[in-house]
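**Student:** I'd like to go over a predicted model; first the sequence, then the structure.
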Amino acid sequence: MKQSLQFVSFLLIIALHCSCSQRISEESVSLPPVLKVDSVSQKYNIQIDFMKHHFSGLLIVREMPGHEIRILSSTHFGMSLFDFSLRNDQFIINNCITPLRKKKILQLLETDFRNIFLTSKNSRRKEKNAIFEKRISGRGFGKSVLYSSDFSGETPNSLRIKHPWIRLTIQLDKLSETKP
Amino acid sequence: MKRLFTLFLLVFAVASFLQAQQMKKLSQMQEFNNRLAHETQTLQSIESDFSQIKYVDVLDEKVKSKGKFYYKKSNKIRMEYTSPVNYLIVINGNKLKIVSDGKKSIMNVSSNKMMNEIQDMLTACTVGDLSKILANYRLEYFEDTKSYLVNIKPNNKVLQAYIAEIQIYLEKKDMSVYKMILSENAKNYTEYEFYNKKFNSLKDETKFAIR
(Lines give C-alpha, C1' and ligand atoms only; values in the text may rest on other atoms or scores of the structure.)
Protein backbone atom coordinates (compact mmCIF):
# COMPACT_ATOMS: atom_id res chain seq x y z
CA MET A 1 0.00 0.00 0.00
CA LYS A 2 2.79 2.33 1.03
CA GLN A 3 4.72 1.48 -2.15
CA SER A 4 1.71 2.12 -4.40
CA LEU A 5 1.12 5.50 -2.68
CA GLN A 6 4.77 6.41 -3.33
CA PHE A 7 4.36 5.33 -6.95
CA VAL A 8 1.20 7.44 -7.38
CA SER A 9 2.98 10.45 -5.80
CA PHE A 10 5.92 9.96 -8.14
CA LEU A 11 3.55 9.77 -11.14
CA LEU A 12 1.77 12.93 -9.95
CA ILE A 13 5.08 14.79 -9.68
CA ILE A 14 6.09 13.61 -13.17
CA ALA A 15 2.68 14.58 -14.57
CA LEU A 16 2.87 17.99 -12.90
CA HIS A 17 6.41 18.52 -14.16
CA CYS A 18 5.38 17.49 -17.68
CA SER A 19 2.41 19.84 -17.66
CA CYS A 20 4.61 22.71 -16.46
CA SER A 21 7.30 21.86 -19.00
CA GLN A 22 4.67 21.77 -21.72
CA ARG A 23 3.55 25.27 -20.81
CA ILE A 24 7.15 26.59 -20.79
CA SER A 25 8.05 24.89 -24.05
CA GLU A 26 4.92 26.36 -25.67
CA GLU A 27 6.13 29.76 -24.52
CA SER A 28 9.66 29.15 -25.72
CA VAL A 29 8.70 28.18 -29.28
CA SER A 30 8.65 30.93 -31.89
CA LEU A 31 7.85 34.16 -30.10
CA PRO A 32 6.89 36.99 -32.46
CA PRO A 33 9.39 39.83 -33.01
CA VAL A 34 9.42 42.35 -30.18
CA LEU A 35 9.52 45.17 -32.72
CA LYS A 36 7.83 44.72 -36.07
CA VAL A 37 9.80 46.32 -38.86
CA ASP A 38 8.17 47.61 -42.04
CA SER A 39 9.10 49.58 -45.12
CA VAL A 40 8.97 52.88 -43.23
CA SER A 41 12.11 53.72 -41.24
CA GLN A 42 11.82 53.60 -37.48
CA LYS A 43 14.23 55.70 -35.46
CA TYR A 44 15.40 54.99 -31.93
CA ASN A 45 17.70 56.57 -29.40
CA ILE A 46 20.09 53.74 -28.57
CA GLN A 47 21.88 53.73 -25.22
CA ILE A 48 24.64 51.30 -24.41
CA ASP A 49 25.88 50.94 -20.85
CA PHE A 50 28.89 48.72 -20.32
CA MET A 51 30.23 48.63 -16.79
CA LYS A 52 30.76 52.35 -15.99
CA HIS A 53 30.74 53.52 -19.61
CA HIS A 54 27.74 55.10 -21.27
CA PHE A 55 27.17 55.73 -24.95
CA SER A 56 24.15 56.97 -26.87
CA GLY A 57 23.36 57.40 -30.54
CA LEU A 58 20.76 56.90 -33.20
CA LEU A 59 19.44 53.60 -34.57
CA ILE A 60 17.42 53.38 -37.78
CA VAL A 61 15.63 50.18 -38.80
CA ARG A 62 13.75 49.45 -41.97
CA GLU A 63 12.54 46.43 -43.95
CA MET A 64 14.07 46.45 -47.42
CA PRO A 65 12.91 44.44 -50.47
CA GLY A 66 13.58 40.70 -50.15
CA HIS A 67 12.69 40.58 -46.42
CA GLU A 68 16.00 42.18 -45.53
CA ILE A 69 16.05 44.11 -42.25
CA ARG A 70 18.54 46.94 -42.41
CA ILE A 71 19.91 48.26 -39.11
CA LEU A 72 22.05 51.40 -39.09
CA SER A 73 23.52 53.32 -36.22
CA SER A 74 25.35 56.62 -35.89
CA THR A 75 26.47 59.00 -33.18
CA HIS A 76 24.26 62.03 -32.52
CA PHE A 77 27.00 64.12 -34.13
CA GLY A 78 26.37 62.17 -37.34
CA MET A 79 29.29 59.74 -37.62
CA SER A 80 28.25 56.26 -38.78
CA LEU A 81 28.90 53.36 -36.43
CA PHE A 82 27.50 50.30 -38.19
CA ASP A 83 25.24 49.12 -40.98
CA PHE A 84 23.94 45.54 -40.68
CA SER A 85 21.46 43.42 -42.64
CA LEU A 86 19.41 40.59 -41.18
CA ARG A 87 17.81 38.10 -43.53
CA ASN A 88 16.59 34.78 -42.07
CA ASP A 89 19.82 33.02 -41.11
CA GLN A 90 22.09 35.62 -42.67
CA PHE A 91 23.76 38.46 -40.81
CA ILE A 92 25.61 40.79 -43.15
CA ILE A 93 28.03 43.49 -42.00
CA ASN A 94 27.72 46.16 -44.67
CA ASN A 95 29.81 48.60 -42.73
CA CYS A 96 31.21 48.86 -39.23
CA ILE A 97 33.79 51.11 -37.56
CA THR A 98 37.04 49.38 -36.61
CA PRO A 99 36.63 49.53 -32.79
CA LEU A 100 33.37 47.55 -33.09
CA ARG A 101 34.77 44.98 -35.54
CA LYS A 102 35.34 42.36 -32.86
CA LYS A 103 33.90 38.87 -33.20
CA LYS A 104 32.30 38.79 -29.73
CA ILE A 105 30.77 42.27 -30.07
CA LEU A 106 29.32 41.47 -33.50
CA GLN A 107 27.94 38.12 -32.26
CA LEU A 108 26.28 39.81 -29.32
CA LEU A 109 24.73 42.54 -31.47
CA GLU A 110 23.54 39.94 -33.99
CA THR A 111 21.87 37.86 -31.27
CA ASP A 112 20.21 40.90 -29.71
CA PHE A 113 18.95 42.23 -33.04
CA ARG A 114 17.63 38.75 -33.99
CA ASN A 115 15.78 38.57 -30.66
CA ILE A 116 14.27 42.02 -31.24
CA PHE A 117 13.45 42.11 -34.94
CA LEU A 118 12.93 38.45 -35.96
CA THR A 119 10.71 35.64 -34.75
CA SER A 120 12.59 34.26 -31.81
CA LYS A 121 13.02 30.51 -31.31
CA ASN A 122 15.25 30.69 -28.28
CA SER A 123 13.41 33.14 -26.05
CA ARG A 124 11.05 32.34 -23.20
CA ARG A 125 8.31 34.74 -22.26
CA LYS A 126 8.34 35.24 -18.49
CA GLU A 127 5.73 37.95 -18.06
CA LYS A 128 3.30 39.76 -20.28
CA ASN A 129 0.53 42.23 -19.67
CA ALA A 130 -0.81 45.35 -21.37
CA ILE A 131 2.07 47.56 -20.28
CA PHE A 132 5.05 45.26 -19.81
CA GLU A 133 6.71 42.18 -21.25
CA LYS A 134 9.74 40.25 -20.06
CA ARG A 135 11.56 37.66 -22.16
CA ILE A 136 14.67 35.65 -21.39
CA SER A 137 16.96 34.16 -23.97
CA GLY A 138 20.17 32.16 -23.79
CA ARG A 139 21.80 30.69 -20.71
CA GLY A 140 24.88 31.24 -18.59
CA PHE A 141 27.14 34.00 -19.89
CA GLY A 142 24.97 34.29 -23.01
CA LYS A 143 21.82 34.99 -21.00
CA SER A 144 19.93 38.14 -21.83
CA VAL A 145 16.76 39.58 -20.33
CA LEU A 146 14.57 41.70 -22.56
CA TYR A 147 12.09 44.16 -21.06
CA SER A 148 9.51 45.92 -23.28
CA SER A 149 7.33 48.76 -22.05
CA ASP A 150 5.45 51.94 -23.02
CA PHE A 151 3.26 50.10 -25.54
CA SER A 152 1.40 51.71 -28.45
CA GLY A 153 -0.96 48.87 -29.33
CA GLU A 154 1.26 45.81 -29.72
CA THR A 155 4.46 47.77 -30.21
CA PRO A 156 6.70 48.83 -27.33
CA ASN A 157 8.24 52.29 -27.52
CA SER A 158 10.89 51.37 -25.00
CA LEU A 159 13.05 48.26 -24.92
CA ARG A 160 15.86 47.25 -22.59
CA ILE A 161 18.17 44.26 -23.01
CA LYS A 162 20.23 43.29 -20.02
CA HIS A 163 23.20 40.96 -20.23
CA PRO A 164 23.60 40.39 -16.50
CA TRP A 165 26.83 38.39 -16.64
CA ILE A 166 28.78 40.94 -18.66
CA ARG A 167 27.19 44.04 -17.09
CA LEU A 168 25.96 45.29 -20.45
CA THR A 169 22.61 46.99 -21.05
CA ILE A 170 21.27 48.15 -24.39
CA GLN A 171 18.21 50.38 -24.42
CA LEU A 172 16.12 51.53 -27.37
CA ASP A 173 13.64 54.41 -27.06
CA LYS A 174 11.52 55.24 -30.05
CA LEU A 175 11.90 58.80 -31.30
CA SER A 176 8.48 60.35 -31.65
CA GLU A 177 7.18 61.14 -35.14
CA THR A 178 6.53 64.78 -34.30
CA LYS A 179 10.19 65.30 -33.54
CA PRO A 180 12.49 65.35 -36.58
CA MET B 1 13.22 64.67 -83.67
CA LYS B 2 11.94 68.14 -82.81
CA ARG B 3 11.17 66.98 -79.26
CA LEU B 4 14.62 65.49 -78.93
CA PHE B 5 16.18 68.75 -80.06
CA THR B 6 14.08 70.73 -77.53
CA LEU B 7 15.12 68.32 -74.79
CA PHE B 8 18.77 68.70 -75.81
CA LEU B 9 18.47 72.50 -75.66
CA LEU B 10 16.80 72.32 -72.26
CA VAL B 11 19.50 70.02 -70.85
CA PHE B 12 22.20 72.31 -72.29
CA ALA B 13 20.55 75.40 -70.77
CA VAL B 14 20.22 73.77 -67.33
CA ALA B 15 23.81 72.50 -67.45
CA SER B 16 25.08 75.98 -68.38
CA PHE B 17 23.05 77.52 -65.55
CA LEU B 18 24.43 75.03 -63.01
CA GLN B 19 27.95 75.63 -64.28
CA ALA B 20 27.48 79.36 -63.71
CA GLN B 21 26.27 78.70 -60.18
CA GLN B 22 29.33 76.62 -59.29
CA MET B 23 32.10 78.19 -57.32
CA LYS B 24 35.37 79.05 -58.98
CA LYS B 25 38.88 78.50 -57.65
CA LEU B 26 39.98 81.24 -55.29
CA SER B 27 42.33 83.66 -57.02
CA GLN B 28 43.13 86.15 -54.24
CA MET B 29 44.61 83.71 -51.72
CA GLN B 30 46.57 86.37 -49.88
CA GLU B 31 43.47 88.52 -49.36
CA PHE B 32 41.54 85.50 -48.04
CA ASN B 33 44.32 84.57 -45.61
CA ASN B 34 44.68 88.15 -44.36
CA ARG B 35 40.97 88.54 -43.77
CA LEU B 36 40.64 85.16 -42.07
CA ALA B 37 43.63 85.86 -39.82
CA HIS B 38 42.20 89.27 -38.90
CA GLU B 39 38.69 87.95 -38.17
CA THR B 40 39.88 84.96 -36.12
CA GLN B 41 42.17 87.26 -34.15
CA THR B 42 39.36 89.63 -33.22
CA LEU B 43 36.84 86.85 -32.66
CA GLN B 44 36.30 86.16 -28.97
CA SER B 45 33.06 84.16 -28.97
CA ILE B 46 30.19 82.85 -31.09
CA GLU B 47 26.65 81.92 -30.09
CA SER B 48 24.36 80.46 -32.72
CA ASP B 49 21.60 78.02 -33.50
CA PHE B 50 22.46 75.05 -35.64
CA SER B 51 20.61 72.48 -37.66
CA GLN B 52 22.07 69.13 -38.66
CA ILE B 53 20.93 66.80 -41.42
CA LYS B 54 22.46 63.37 -41.76
CA TYR B 55 21.81 61.83 -45.14
CA VAL B 56 21.73 58.02 -45.20
CA ASP B 57 22.10 56.92 -48.79
CA VAL B 58 20.98 53.30 -48.49
CA LEU B 59 17.65 54.30 -46.95
CA ASP B 60 17.38 57.59 -48.84
CA GLU B 61 16.65 59.02 -45.42
CA LYS B 62 17.39 62.36 -43.81
CA VAL B 63 17.82 62.52 -40.06
CA LYS B 64 17.34 66.02 -38.70
CA SER B 65 18.71 67.42 -35.44
CA LYS B 66 19.07 70.90 -34.06
CA GLY B 67 20.47 72.78 -31.12
CA LYS B 68 22.70 75.59 -29.88
CA PHE B 69 26.35 76.16 -30.69
CA TYR B 70 28.78 78.12 -28.51
CA TYR B 71 32.46 78.95 -29.01
CA LYS B 72 34.76 80.90 -26.75
CA LYS B 73 38.39 81.67 -27.33
CA SER B 74 40.37 79.59 -27.19
CA ASN B 75 39.49 75.97 -27.78
CA LYS B 76 36.15 76.04 -25.99
CA ILE B 77 33.20 74.58 -27.87
CA ARG B 78 29.74 73.59 -26.70
CA MET B 79 27.20 71.82 -28.93
CA GLU B 80 23.88 71.50 -27.19
CA TYR B 81 21.44 69.26 -29.10
CA THR B 82 17.79 69.84 -28.23
CA SER B 83 16.14 67.68 -30.87
CA PRO B 84 15.47 64.80 -31.43
CA VAL B 85 17.15 64.13 -28.08
CA ASN B 86 19.00 66.21 -25.52
CA TYR B 87 22.69 65.64 -26.04
CA LEU B 88 25.66 67.77 -25.07
CA ILE B 89 29.26 67.93 -26.28
CA VAL B 90 31.68 70.28 -24.50
CA ILE B 91 35.33 70.73 -25.48
CA ASN B 92 37.51 72.78 -23.17
CA GLY B 93 41.23 72.64 -23.85
CA ASN B 94 42.28 69.02 -23.65
CA LYS B 95 39.08 67.80 -22.09
CA LEU B 96 35.93 66.51 -23.73
CA LYS B 97 32.60 66.06 -21.94
CA ILE B 98 29.55 64.27 -23.33
CA VAL B 99 26.23 64.27 -21.51
CA SER B 100 23.58 61.96 -22.88
CA ASP B 101 20.44 60.64 -21.21
CA GLY B 102 21.50 62.41 -18.01
CA LYS B 103 24.80 60.51 -17.91
CA LYS B 104 28.14 62.26 -18.12
CA SER B 105 31.44 61.05 -19.66
CA ILE B 106 34.65 63.04 -19.44
CA MET B 107 37.72 62.23 -21.53
CA ASN B 108 41.18 63.67 -21.77
CA VAL B 109 41.87 64.03 -25.47
CA SER B 110 45.54 64.98 -25.16
CA SER B 111 46.59 61.34 -24.77
CA ASN B 112 44.70 60.28 -27.91
CA LYS B 113 46.27 61.53 -31.15
CA MET B 114 43.18 60.94 -33.23
CA MET B 115 40.86 62.66 -30.75
CA ASN B 116 43.31 65.56 -30.73
CA GLU B 117 43.12 65.83 -34.50
CA ILE B 118 39.33 65.67 -34.46
CA GLN B 119 39.24 68.42 -31.83
CA ASP B 120 41.50 70.68 -33.93
CA MET B 121 39.46 69.90 -37.03
CA LEU B 122 36.18 70.70 -35.24
CA THR B 123 37.55 74.03 -34.00
CA ALA B 124 38.89 74.86 -37.44
CA CYS B 125 35.67 74.02 -39.22
CA THR B 126 33.13 75.55 -36.88
CA VAL B 127 35.07 78.74 -36.18
CA GLY B 128 36.98 79.09 -39.44
CA ASP B 129 40.43 79.05 -37.83
CA LEU B 130 42.31 76.94 -40.37
CA SER B 131 45.79 77.65 -39.05
CA LYS B 132 45.90 74.55 -36.83
CA ILE B 133 45.04 72.01 -39.49
CA LEU B 134 47.24 73.10 -42.40
CA ALA B 135 49.85 70.44 -41.67
CA ASN B 136 47.53 67.43 -41.50
CA TYR B 137 44.97 68.21 -44.17
CA ARG B 138 44.89 69.11 -47.85
CA LEU B 139 42.96 72.31 -48.40
CA GLU B 140 41.37 73.67 -51.58
CA TYR B 141 39.73 77.09 -51.81
CA PHE B 142 36.78 78.27 -53.92
CA GLU B 143 34.56 81.33 -54.01
CA ASP B 144 31.48 82.93 -55.47
CA THR B 145 30.08 86.41 -54.97
CA LYS B 146 28.81 85.80 -51.42
CA SER B 147 30.92 83.04 -49.92
CA TYR B 148 34.15 81.12 -49.71
CA LEU B 149 34.31 77.33 -49.76
CA VAL B 150 37.20 75.40 -48.25
CA ASN B 151 37.47 71.70 -49.10
CA ILE B 152 39.42 69.84 -46.46
CA LYS B 153 40.77 66.30 -46.90
CA PRO B 154 42.67 64.50 -44.15
CA ASN B 155 46.15 63.11 -44.88
CA ASN B 156 45.95 60.67 -41.99
CA LYS B 157 44.92 57.18 -43.25
CA VAL B 158 43.16 56.32 -39.96
CA LEU B 159 41.09 59.49 -40.13
CA GLN B 160 40.31 58.89 -43.81
CA ALA B 161 38.36 55.78 -42.74
CA TYR B 162 35.92 58.08 -40.94
CA ILE B 163 36.10 61.33 -42.90
CA ALA B 164 36.61 61.54 -46.65
CA GLU B 165 36.12 65.29 -46.94
CA ILE B 166 34.84 68.34 -45.07
CA GLN B 167 33.48 71.37 -46.84
CA ILE B 168 33.20 74.60 -44.92
CA TYR B 169 31.36 77.60 -46.25
CA LEU B 170 32.29 81.06 -44.96
CA GLU B 171 30.33 84.26 -45.48
CA LYS B 172 32.40 86.88 -47.24
CA LYS B 173 30.84 89.72 -45.24
CA ASP B 174 32.23 88.56 -41.86
CA MET B 175 34.25 85.39 -42.66
CA SER B 176 32.01 83.33 -40.34
CA VAL B 177 31.17 79.68 -41.02
CA TYR B 178 27.53 79.26 -42.05
CA LYS B 179 27.62 75.71 -43.36
CA MET B 180 29.74 72.61 -42.93
CA ILE B 181 29.37 69.32 -44.79
CA LEU B 182 31.13 66.31 -43.36
CA SER B 183 31.34 63.46 -45.88
CA GLU B 184 32.16 60.00 -44.61
CA ASN B 185 32.30 58.66 -48.15
CA ALA B 186 30.88 59.57 -51.54
CA LYS B 187 27.32 58.69 -50.48
CA ASN B 188 26.89 59.50 -46.80
CA TYR B 189 27.28 62.94 -45.37
CA THR B 190 26.13 65.21 -42.54
CA GLU B 191 25.32 68.85 -43.16
CA TYR B 192 25.45 71.45 -40.38
CA GLU B 193 24.08 74.96 -40.76
CA PHE B 194 24.76 77.78 -38.33
CA TYR B 195 22.34 80.70 -38.08
CA ASN B 196 21.23 83.51 -35.71
CA LYS B 197 24.90 84.11 -35.02
CA LYS B 198 26.04 86.52 -32.32
CA PHE B 199 29.71 87.46 -32.03
CA ASN B 200 31.80 88.48 -29.03
CA SER B 201 28.86 88.76 -26.63
CA LEU B 202 29.22 85.49 -24.71
CA LYS B 203 30.45 86.07 -21.18
CA ASP B 204 29.32 82.91 -19.40
CA GLU B 205 32.36 80.66 -18.85
CA THR B 206 30.32 78.05 -16.98
CA LYS B 207 28.89 76.80 -20.28
CA PHE B 208 32.29 75.26 -20.94
CA ALA B 209 32.91 73.91 -17.45
CA ILE B 210 34.02 70.28 -17.39
CA ARG B 211 33.64 68.60 -14.02
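**Tutor:** Structure's in. What do you need?

**Student:** burial of the residue lying closest to residue B:130 once chain neighbours are set aside, as a residue count?
**Tutor:** Among residues not flanking residue B:130 along the chain, residue B:124 sits closest, at 5.3 Å (CB to CB, 6 or more residues apart in numbering or on different chains). For glycine as for every other residue, the C-beta is placed from the backbone atoms N, C-alpha and C. A count of nearby residues for residue B:124, using other CB atoms under 10 Å in any protein chain shown, gives 23.

**Student:** and residue B:124, backbone torsions?
**Tutor:** When read as degrees, to the nearest 10, the backbone of residue B:124 gives phi -60, psi -40.

**Student:** so how far is chain A from it?
**Tutor:** Shown here: residue B:124 relative to chain A, a distance of 16 Å by CB to the nearest CB, to the nearest Å.

**Student:** let me see the ranges of the helices in the chain.
**Tutor:** Since no chain was named, I'll use chain A. Ranges of helices within chain A are A:2-28, A:103-117, based on DSSP state H.

**Student:** switch to chain B, that's the one I care about
**Tutor:** B:2-21, B:29-42, B:113-127, B:157-160.

**Student:** residues in chain B within reach of chain A, list them.
**Tutor:** B:52, B:54, B:56, B:58-59, B:61, B:63-66, B:79, B:81, B:83-85, B:87, B:89, B:100-101, B:103, B:105, B:161-162, B:182, B:184, B:188, B:190 (CB under 8 Å from any CB of the partner chain).

**Student:** 6 Å - rerun?
**Tutor:** Residues of chain B lying near chain A by CB under 6 Å from any CB of the partner chain: B:54, B:59, B:61, B:64, B:81, B:83-85, B:87, B:100-101, B:103, B:184, B:190.

**Student:** ok so, going back, least confident of the helices of chain A, on average?
**Tutor:** Mean pLDDT is lowest for helix A:2-28 out of the helices of chain A, coming in at a mean of 44.

**Student:** returning to what we had before: highest neighbour count among the residues of chain B next to chain A?
**Tutor:** If you count neighbours using other CB under 10 Å, the busiest of the residues of chain B next to chain A is residue B:54, which has 25 neighbours.

**Student:** confirm for me that it is in contact with residue B:190.
**Tutor:** Yes. Applying CB atoms under 6 Å, one finds residue B:54 in contact with residue B:190, separated by 4.5 Å.

**Student:** now do the shared contacts for these two.
**Tutor:** Here residue B:54 and residue B:190 have residue A:78 as joint contacts, going by CB atoms under 6 Å, 6 or more residues apart in numbering or on different chains.

**Student:** list the buried residues of stretch A:43-57.
**Tutor:** A:43-49, A:54-57 (16 or more other CB atoms under 10 Å in any protein chain shown).

**Student:** report how many residues lie close to residue A:101.
**Tutor:** Counted with other CB under 10 Å, residues neighbouring residue A:101 total 11.

**Student:** likewise residue A:104?
**Tutor:** The burial count for residue A:104: 8, using other CB under 10 Å.

**Student:** from residue B:53, how far out is it?
**Tutor:** According to CB to CB, to the nearest Å, residue A:104 and residue B:53 sit 34 Å apart.

**Student:** need the contact list for residue B:71.
**Tutor:** Neighbours of residue B:71 in contact, by CB under 6 Å, 6+ apart: B:46, B:77, B:127.

**Student:** for those, which one is nearest chain A?
**Tutor:** Distance to chain A, by CB to the nearest CB, is smallest for residue B:77 among the contacts of residue B:71, at 11.8 Å.

**Student:** output the below-cut-off pLDDT ranges for the chain.
**Tutor:** If you meant another chain, say so; for now it's chain A. A:1-29, A:177-180 (pLDDT under 70).

**Student:** ah, I was thinking of chain B
**Tutor:** Scanning chain B with the threshold set as pLDDT under 70 gives B:1-21.
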